[in-house]
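> only geometry, no sequence info:
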């Protein structure tokens, strides 16, 4: 009986691990993936729409400018066409998946919810630590920041 319980726990544990942050299928899809890549809108269009909307459910194109170096639990996106210098902070729904730490410079399509939110000083310092910023840089963070954010349910690397 103990042998079957042990075997069950091993199989269940392997199943749980397999469902975590590993890419699916082609090695370029994370989380739930993107339901319709052809429907992806431009980064600048989303940023413009956020100026008059609280939030948007959207599929969006972006270029990765940074990834959490601790675990890959967030990334920053910008306009792949370089028409805008704005950045968007992206997190992953329920921390259900993580991105490769070396993804900066690649183009992605994300699906989820874009919104504007206040990021506290404590959060900003935490993200700066994740990004391996120096203590001096972290000490300069003294004000909260209203920023554009994205809660992704899925990501596809397109290059």
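Perfect, I can see it now. These figures come from a predicted structure and were not determined experimentally.

> quick one: average pLDDT of stretch 63-79?
Per-region confidence: stretch 63-79 scores 95 on mean pLDDT.

> I meant stretch 145-159, not that one.
96.

> ok, and what's touching that stretch?
Contact with stretch 145-159 is made by 28-35, 37, 47, 50, 60-61, 77, 86-93, 97, 99, 103, 106-119, 124, as judged by CB atoms under 8 Å, 6 or more residues apart in numbering. From N, CA and C alone the C-beta is placed, and that goes for glycine too.

> redo that, cut-off 7 Å
In this structure, residues lying in contact with stretch 145-159 by CB atoms under 7 Å, 6 or more residues apart in numbering are 28-34, 37, 47, 50, 86, 88-93, 99, 106-119, 124.

> Equivalent analysis for stretch 68-79, please.
Stretch 68-79 is contacted from outside by 43-44, 62-67, 86-92, 95, 98-101, 103, 127, 130-132, using CB under 7 Å, 6+ apart.

> If you count neighbours, what's buried in it?
Neighbour-count burial for stretch 68-79, with 16 or more other CB atoms under 10 Å as criterion, is recorded at 68, 72-79.

> out of those residues, what pair is the most spread apart?
Between any two of these, the greatest separation by CB to CB is 23.0 Å, found for 73 and 79.

> Quick check: residue 57 is in a strand.
Yes - judged by DSSP: H, G, I helix; E, B strand; the rest coil, residue 57 forms part of a strand.

> Please report how far it lies from residue 141.
When distance is defined by CB to CB, to the nearest Å, residue 57 is 31 Å away from residue 141.

> the more surrounded of those two?
Just comparing residue 57 and residue 141: by other CB atoms under 10 Å the higher neighbour count belongs to residue 141, 17 against 11.

> Which strand or helix spans the nearest residue in space to the more buried one that is not next to it in sequence?
Nearest non-adjacent residue to residue 141, counting by CB to CB, 6 or more residues apart in numbering: residue 124, 4.8 Å away. Counting by DSSP states H and E, the element that carries residue 124 is helix 121-130.
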